[in-house]
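J.: kindly generate the corresponding structure for this input.
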Amino acid sequence: QKICEWAFEVVDHFDYDRDIVSQTMNYLDRYVSYSADKGVYISRKEFQLAAVACLYIATKMEGSHRSFQRQTPPLTIST
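T.: Sure, this is the predicted structure:
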């Protein structure tokens, strides 16, 4: 539950579509289920890392960022 709430906070902060969280939880659930089927223990830190990775993948796969519609500057600086 905490990971889900955290994901919503991140998505809201960066003004992404909230549907990304459901996709994130789908990816995370599939990863955890696969690991459990293989008998692999996932520590708390590994679970948190997997959640971050799943959120990252979901945002890249979805590609809908409402901030781009408002023409806001990017979050990174090109050098």
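J.: please make it C-alpha for all contacts and neighbour counts, starting now.
T.: Will do.
J.: need the helix or strand of the chain with the lowest average pLDDT.
T.: Comparing helices and strands within the chain by mean pLDDT, DSSP states H and E singles out helix 66-69 as the least confident, with a mean of 50.
J.: what sits up against stretch 20-40?
T.: With contact meaning Cα atoms under 8 Å, 6 or more residues apart in numbering, stretch 20-40 is reached by 4, 7-8, 11, 41-42, 50-51, 54-55, 57-59, 62.
J.: quick check: residue 32 vs residue 7, distance?
T.: Note on residue 32: its distance to residue 7, by Cα to Cα, to the nearest Å, is 17 Å.
J.: show me which of these two is the more surrounded one.
T.: residue 7 (22 against 16; other Cα atoms under 10 Å).
J.: buried members of the contacts of stretch 20-40 into PyMOL, please.
T.: Buried residues among the contacts of stretch 20-40 (16 or more other Cα atoms under 10 Å), as a PyMOL selection:
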select buried, resi 7+8+11+50+51+54+55+57+58+59
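J.: SS state for residue 40?
T.: With DSSP: H, G, I helix; E, B strand; the rest coil as the basis, residue 40 sits in coil.
J.: what count of nearby residues applies to residue 20?
T.: By other Cα under 10 Å, 24 other residues sit near residue 20.
J.: for it, what is the enclosing helix or strand?
T.: For residue 20, the element it lies in under DSSP states H and E is helix 19-37.
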